[in-house]
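**Q** Kindly return the folded structure for what I paste below:
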Amino acid sequence: MAGNRKEPRAPKKIQVRVWGMDASDRSFQQTVTTVNLSRRGARLEGLECLKGPGEIIGIQCGKEKARFKVVWMGRRDSALRGQIGVESLEPEKIIWGVDLPLPRPDHYQAPQILSAEDPFAPAPQTSQTATEERRKSERYPCGGQAEVWRVGEKASFVGLIADISEGGCYIQVMSPLEEGARIEVAISTDGTTFRALGEVRTSHPTMGMGVAFIRMSDSDRRALRKLVRHLAGLPDLPEAAQPATPEPPVSPGEPEPWAAHQPTPARSLEPFEALAALETLLELLSRKGLVSREEFWAALEKASQASRH
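**A** Predicted coordinates for the structure are as follows:
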């Protein structure tokens with residue numbers, strides 16, 4: 001079939017850093033090589049630790065990074081073993097740092113290949129891998145923000161939601177908490193607000209953290225389920241048809257979600273406070289090598305001019 005790709009691909013060999021969760025639900029980081037690239041996707045080689053299509057990974061090329069979804073994996077018994085195809089979850093970011101073809105009508109002809117070499121066929125799972133499978137909820141990209149408290153602490157910080165499922169979410173934040181940290185989180189996305197007790201399952205410095213929802217109220221659970229169905233393009237369930245979700249027991253001494261915290265109301269900053277906050281942010285971004293002072297103030301000036309029009 002011709003023309004079934006969204007964008008043309010260009011053969012490019014570039015080393016990139018990849019991280020995410022492996023087939024045993026453990027975090028990994030690995031350097032691999034690209035086979036070909038488009039503005040919103042890529043084929044990578046040298047990566048065999050993933051479960052299968054649908055996994056979310058981070059990719060860094062130089063100083064640029066973004067999150068991608070695995071759309072196919074080469075079978076382990078084929079010539080495509082170790083190769084995967086990925087599609088960007090942040091299409092506004094083009095991280096590759098090389099010139100790539102602009103979108104145009106695609107004349108790609110799918111090769112005639114044996115089923116054993118079908119790149120869209122998921123890699124076979126061993127019975128052990130199937131037993132270890134714990135992620136039962138499909139993830140959906142979304143926007144919005146999350147206010148996060150470490151359990152037992154009063155200070156909070158805010159991150160951006162990258163994707164969400166009924167079982168958890170990924171929060172983009174520069175300084176994520178360590179794996180295993182218990183948190184309380186207030187999520188506001190796509191017109192929906194809910195709260196939960198959670199646990200950090202993956203942590204990627206300067207990128208973000210994957211959070212599993214451990215406990216939430218019935219009303220928050222219904223709000224989350226409604227949000228996920230909306231992101232999946234499914235109709236809302238009638239109230240009586242909402243499936244019951246058993247909650248795990250709370251350990252002795254563990255707080256109920258939101259027993260201690262409520263979202264902090266926003267307040268306007270005085271001019272000197274706003275300038276100090278910008279200087280602090282600039283220092284953090286500069287120290288991490290993400291932006292120069294000149295680039296930062298140029299972008300700020302551009303945003304200020306746009307707001308006046």
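**Q** what's downstream of the lowest-mean-pLDDT helix or strand in the chain, the next helix or strand?
**A** Least confident element among the helices and strands of the chain, by mean pLDDT, DSSP states H and E: helix 127-132 (a mean of 38). Per DSSP states H and E, the first helix or strand lying C-terminal to helix 127-132 is strand 140-141.
**Q** what does that following strand contact?
**A** Residues from elsewhere that reach strand 140-141, judged by Cβ atoms under 8 Å, 6 or more residues apart in numbering: 89, 162-165, 228, 231-232. Heads up, the C-betas are built off the backbone N, CA and C, glycines and all.
**Q** hmm, try it at 10 Å
**A** With contacts defined as Cβ atoms under 10 Å, 6 or more residues apart in numbering, strand 140-141 is touched by 56, 67, 69, 88-91, 161-165, 169-170, 190, 227-233.
**Q** Mind giving me the PyMOL command for buried ones among the residues you listed?
**A** For the buried members of these, the matching PyMOL selection, counting by 16 or more other Cβ atoms under 10 Å, is:
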select buried, resi 56+67+69+88+89+161+162+163+164+165+169+170+227+228+230+231
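**Q** quick one, helices of this structure?
**A** 127-132, 218-231, 271-287, 293-307 (DSSP state H).
**Q** Comparing those helices, which yields the minimum mean pLDDT?
**A** By mean pLDDT, the lowest-scoring of the helices of the chain turns out to be helix 127-132, with a mean of 38.
**Q** can you give me the strands for the stretch 51-200 of the chain?
**A** Using DSSP state E, counting those that start in this stretch, the strands found in the stretch 51-200 of the chain span residues 56-61, 64-73, 83-88, 140-141, 145-150, 156-164, 168-172, 182-189, 192-204.
**Q** Check which strands are paired with the fifth one and give the direction for each one.
**A** As defined by DSSP bridges, the strand partners of strand 145-150 come to strand 156-164 (antiparallel), strand 182-189 (antiparallel).
**Q** Can you list the buried residues in that strand?
**A** For strand 145-150, the neighbour count (16+ other Cβ under 10 Å) marks 146-149 as buried.
**Q** quick one: average confidence on that strand?
**A** Mean predicted lDDT for strand 145-150 stands at 94.
**Q** Domain map for this structure?
**A** 10-132, 140-241, 271-301 (automatic domain parsing).
**Q** ok, now how distant is residue 225 from residue 300?
**A** Using Cβ to Cβ, to the nearest Å, residue 225 is found at 40 Å from residue 300.
**Q** meant to ask about residue 138
**A** Shown here: residue 138 relative to residue 300, a distance of 38 Å by Cβ to Cβ.
**Q** now residue 234
**A** From residue 234 to residue 300 the distance is 41 Å (Cβ to Cβ).
**Q** Ok, residue 33 next?
**A** On the measure of Cβ to Cβ, residue 33 and residue 300 end up 37 Å apart.
**Q** just residue 73 next, same as before
**A** Counting by Cβ to Cβ - residue 73 and residue 300 are separated by 42 Å.
**Q** what about those two, which has more around it?
**A** residue 73 (25 against 12; other Cβ atoms under 10 Å).
**Q** Does that one touch residue 50 like I think?
**A** Yes. Contact criterion Cβ atoms under 10 Å: residue 73 and residue 50 qualify, at 6.6 Å.
**Q** Tell me, how many residues neighbour the residue lying closest to residue 236 once chain neighbours are set aside?
**A** Spatially, and ignoring its direct neighbours in sequence, residue 236 is nearest to residue 226 (5.8 Å; Cβ to Cβ, 6 or more residues apart in numbering). Residue 226: 16 surrounding residues under other Cβ under 10 Å.
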